[in-house]
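>>> test case, fold it:
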Amino acid sequence: MLKKTPQNHAWSKEYPAQLEWKNILKVVKNPNNIFTLIILIILFISGVQITLSVYEITILSNNKAIFGICFLPLLIFSMFIFHKLAKKNITAQLKYYEINNIQEPTLKQAQALQLLLCLDYNLAHWNETLEYYPMLEKTNTQDFGGFIVRSAEQERHKLHETWGILLEKEYHQLIEMMFTNGLMTAKFLYKYVLDDYGIQRLSKLSSIPKKQIYNYINPNNRNERKLLWGYEFVNVICVSRQAYMAQLISEDVAWNNILKASSYIHTLFDDFDDFYQNYILGNSISFESIEKANERWNEYLEYQNNCNWRFKNLSWHKQNVDLPEIVYTAYSTAIDNINQSYEPEENKPRQKIGFI
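A predicted model of the protein is given here:
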């Protein structure tokens, strides 16, 4: 079991969560903490008045010890208040774990969540729990340590907007499609791989070297082709986390699909970099936007250079599980379909010119 640590960061990408005085300002800026702001203002005004009064007494009595004796308790009390505010996010997160009996992820669960680490880091999501934000149904309040709190209704709306699903049945249908066909693999094969200039164009679009793209296309020694399966299978993890937060599926269903997708990725790919470039490739095909591809690369560089979250240090554990049949057949099926749709010129009917 891994050691449980307060992860983050209601407002930043810092890890692990630390006691920071700048959190005071962020707590105060939160509109949900207007009561806290009022208390701080009252304390500040009272503190100034007391300090002036004590200073006046000190001048009149010419005894500096009085100033120290009176001012020291005020200073200690102020430090206590500031300390509480500075660690508000840490306290809230540990409380969330305790109330909802959230256990430390197993090693396999951690390795699965590691696949989303770059995305979670750049979005300032929680990465060490199944939910990526505190859930309103578990906090019963929107004011929770300054964190963004999401309701199941909000997540259902987002799930429908992003993936077009509202029902548990639709979730299972989408996951089945992701495992058995993929969402972008056919487009990858027909539009880019089997086109004369497709790989060159895709390399320009995604900023991934042609050599690496061919590495995804060519079979390995087990006759597996990586194609876009890193992108396809990691989407299973994204949708499952979101569907869990939307309360469409149970925690067990979410983890079952997440761990299955993770095992496929850890079987196909050699390391995190190999996997994540495949994700960027799939994302580039999905959006067909150089700007979007550049965004993904900038996020990856930010993650590589600055992320110190602990799941980044997990070693890449290669697995050896049975993969879906489509991993072995997608490329050959596309070739067969292309060949069947091709007709030699002499077999095509002649075009009639002029009047009938």
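>>> burial count for Trp309?
The criterion is other CB atoms under 10 Å. On that basis, Trp309 has 21 neighbouring residues. For glycine as for every other residue, the C-beta is placed from the backbone atoms N, C-alpha and C.
>>> how close does it get to Asp271?
Distance, Trp309 to Asp271, using CB to CB, to the nearest Å: 17 Å.
>>> could you do Asp196 as well?
For Asp196, the distance to Asp271 under the criterion CB to CB works out to 32 Å.
>>> more neighbours, those two?
Between Asp196 and Asp271, counting by other CB under 10 Å, Asp271 is the more crowded of the two (11 against 7).
>>> and the residue nearest to the more buried one when sequence neighbours are not counted, how far from Tyr276?
Computed as CB to CB, 6 or more residues apart in numbering, the closest residue to Asp271 that is not its neighbour in sequence is Trp316, at 4.7 Å. Using CB to CB, one gets 11 Å for the distance from Trp316 to Tyr276.
>>> who has more neighbours out of those two?
Here Trp316 and Tyr276 are set side by side on neighbour count (other CB under 10 Å), and the busier one is Tyr276, at 23 against 14.
>>> can you tell me which residues contact the more buried one?
By CB atoms under 8 Å, 6 or more residues apart in numbering, the residues touching Tyr276 are 118, 230, 300.
>>> surely the last one touches Leu117?
When you say that, I think you mean Tyr300. No: if you go by CB atoms under 8 Å, Tyr300 and Leu117 don't touch, sitting 10.8 Å apart.
>>> which of the contacts of Tyr276 lies closest to Tyr192?
Sorting the contacts of Tyr276 by how near they are to Tyr192, with CB to CB, puts Gly230 at the top with 16.1 Å.
>>> and the helices in the stretch 151-300 of the chain?
With DSSP state H, counting those that start in this stretch as the criterion, the stretch 151-300 of the chain has helices at 152-163, 168-180, 185-187, 198-206, 210-217, 229-245, 251-268, 272-287, 290-306.
>>> ranking these by burial, who's on top?
Most buried of those, by mean neighbour count (mean count of other CB atoms under 10 Å): helix 229-245, with a mean of 24.
>>> give me the buried stretch members for stretch 123-130, please.
When burial is assessed from 16 or more other CB atoms under 10 Å, stretch 123-130 yields the following buried residues: 124-130.
>>> just send these back as JSON lines, with distance to Ile258, secondary structure and pLDDT too.
Supplementary listing: the buried residues of stretch 123-130 in JSON lines, determined by distance: CB to CB, whole Å; DSSP: H, G, I helix; E, B strand; the rest coil; pLDDT from 0 to 100:
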{"residue": "Ala124", "distance to Ile258": "21", "secondary structure": "coil", "pLDDT": "80"}
{"residue": "His125", "distance to Ile258": "15", "secondary structure": "coil", "pLDDT": "86"}
{"residue": "Trp126", "distance to Ile258": "15", "secondary structure": "coil", "pLDDT": "85"}
{"residue": "Asn127", "distance to Ile258": "13", "secondary structure": "coil", "pLDDT": "88"}
{"residue": "Glu128", "distance to Ile258": "14", "secondary structure": "coil", "pLDDT": "87"}
{"residue": "Thr129", "distance to Ile258": "12", "secondary structure": "coil", "pLDDT": "90"}
{"residue": "Leu130", "distance to Ile258": "8", "secondary structure": "coil", "pLDDT": "93"}
